[in-house]
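A.B. asks: with the input below, show me the fold.
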Amino acid sequence: MDWKKVGFLTFGILIIILLIWWAGVEDVIGVLKKARLDYFILAVLVYIAGVVLWALRWGVLLKSLNINASFRTILGAIFVGVFVNNVTPGARGGGEPMRMYYLSKRSNETYGPVFATIMADRILDLIPVIVMLFLSTVYVYRLGSTTLMITLLVLNAILAALIVITLVILLNERRTKRILYWFFGLVSRLMPKKAKKYEEKFIHNIEVNVPKFQKGFKLLLKDKKAFLLALAYSFAFWFLTLLRSYFIFLSIKYPVGLEEIMVVQMIGVVAGLISIIPGGAGFIEAINSGVYVLLGIDKNFAVTATLIDRLISYWIPTVLGGFLTTHFGVKLREDKKKKGLTEEGRIDNHEVWDSGQER
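C.D. replies: Below you'll find the predicted structure:
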């Protein structure tokens with residue numbers, strides 16, 4: 001068990017408890033008691049529709065590189081990736097290699113092209129975020145909120161820098177290999193025995209799959225039809241994200257405009273990229289609640305809406321993704337055992353044949 005992750009997650013849960021105490025336990029319970037179930041169900045359905053759009057977007061990119069994967073496999077890969085992202089700190093990048101591994105195993109495709117579609121998917125996901133960050137900055141400027149405007153300008157700069165650095169690395173094979181070898185060197189210092197065990201396999205994968213990744217990534221950038229369709233899915237996905245929070249506020253009988261929700265969501269998204277707490281648990285709840293309060297929303301409603309939103313978009317998908325990841329791991333072990341038994345059977349048959357020949 002990774003006690004560091006458990007410690008961070010425990011700290012995140014403690015933040016949530018303190019957040020509820022700050023808003024008033026009785027006040028939060030009171031808001032929940034009066035909540036409307038119909039709007040809550042609508043929020044859940046909107047979340048599901050958003051995941052479907054995400055799968056369709058990724059499906060367009062996979063099809064562009066002639067990678068055959070069923071819709072069910074794509075959905076499975078998404079939730080497995082969501083689970084790993086939500087239990088690892090940092091820029092939500094831990095789940096992407098897992099998405100690649102899951103889909104490659106299920107579709108019998110090589111890692112390079114699959115990972116190219118995943119990175120293109122992430123970049124397309126960020127384009128609407130950049131647009132909405134700009135719109136959010138304009139909105140808070142008109143409101144006259146200096147604190148929020150400075151916050152958004154800083155977040156704009158951080159996100160822009162991350163995108164530029166990512167593209168500079170991904171579009172150059174030598175830089176990509178250099179970063180990966182640097183990362184492996186870091187792992188070697190932390191876990192020398194494990195690194196030694198997988199060193200040959202790692203080097204083989206880098207030398208074989210990085211060129212394939214580069215080729216696939218550049219092909220995706222040139223496929224304008226696939227790019228524009230996937231981008232349309234991205235904007236629709238983020239509209240549904242805003243709509244989900246809108247319905248959540250309607251469910252607690254405290255209507256809020258889409259502009260306020262957009263500001264909060266954008267700050268939460270970028271803050272989540274730099275969070276050291278897995279999935280930003282507690283950290284994002286505190287950030288989002290605080291920004292809602294700065295926008296003039298009562299703290300008991302701000303905290304309650306944020307907690308419901310995170311229940312739908314973080315906690316439930318994490319549990320579902322954990323179940324799928326466990327099931328996938330068990331299936332892989334069973335397949336390896338079957339493969340091992342098959343190989344043993346072949347060896348036995350050869351031995352019998354050889355002994356028969358000797359007679």
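A.B. asks: for the stretch 151-300 of the chain, what spans make up the helices?
C.D. replies: For the stretch 151-300 of the chain, applying DSSP state H, counting those that start in this stretch gives helices covering 173-190, 192-222, 224-251, 258-273, 283-294, 299-310.
A.B. asks: the ones you listed: which one's closest to residue 106?
C.D. replies: Checking the helices of the stretch 151-300 of the chain against residue 106 by Cβ to Cβ gives helix 192-222 as the closest, at 17.3 Å. Just so you know, the C-beta spots here come from the backbone N, C-alpha and C atoms, and that holds for glycine as well.
A.B. asks: now render the helices of the stretch 151-300 of the chain as TSV, adding mean pLDDT and distance to residue 322.
C.D. replies: What follows is the helices of the stretch 151-300 of the chain, written out as TSV (pLDDT from 0 to 100; distance: least, Cβ to Cβ, whole Å):
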stretch	mean pLDDT	distance to residue 322
helix 173-190	68	24
helix 192-222	69	23
helix 224-251	93	22
helix 258-273	86	19
helix 283-294	86	19
helix 299-310	91	16
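A.B. asks: how about these in TSV, adding mean neighbour count and distance to residue 44?
C.D. replies: Shown next, in TSV, are the helices of the stretch 151-300 of the chain (neighbours: other Cβ atoms under 10 Å; distance: least, Cβ to Cβ, whole Å):
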stretch	mean neighbour count	distance to residue 44
helix 173-190	12	38
helix 192-222	15	32
helix 224-251	19	8
helix 258-273	21	17
helix 283-294	22	18
helix 299-310	23	10
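A.B. asks: residue 84: which of those is closest?
C.D. replies: Across those, residue 84 has its closest neighbour in helix 258-273 (14.6 Å, Cβ to Cβ).
A.B. asks: that older thread, who wins for proximity to residue 125 among the helices of the stretch 151-300 of the chain?
C.D. replies: In terms of Cβ to Cβ, the element of the helices of the stretch 151-300 of the chain nearest to residue 125 is helix 224-251, at 5.7 Å.
A.B. asks: that closest one vs helix 258-273, what angle?
C.D. replies: 110 degrees (axes from the mean of the first three to the mean of the last three Cα atoms, to 10 degrees).
A.B. asks: other SSEs contacting helix 224-251?
C.D. replies: helix 37-64, helix 111-143, helix 192-222, helix 258-273, helix 299-310 (3 or more Cβ pairs under 8 Å, 6 or more residues apart in numbering; DSSP states H and E).
A.B. asks: would you format those helices as a markdown table with distance to residue 182 included?
C.D. replies: Output for the helices and strands packed on helix 224-251, formatted as a markdown table (distance: least, Cβ to Cβ, whole Å):
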| stretch | distance to residue 182 |
| --- | --- |
| helix 37-64 | 28 |
| helix 111-143 | 18 |
| helix 192-222 | 12 |
| helix 258-273 | 21 |
| helix 299-310 | 34 |
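A.B. asks: hang on, the earlier thing: out of the helices of the stretch 151-300 of the chain, nearest to residue 326?
C.D. replies: helix 192-222 (21.7 Å).
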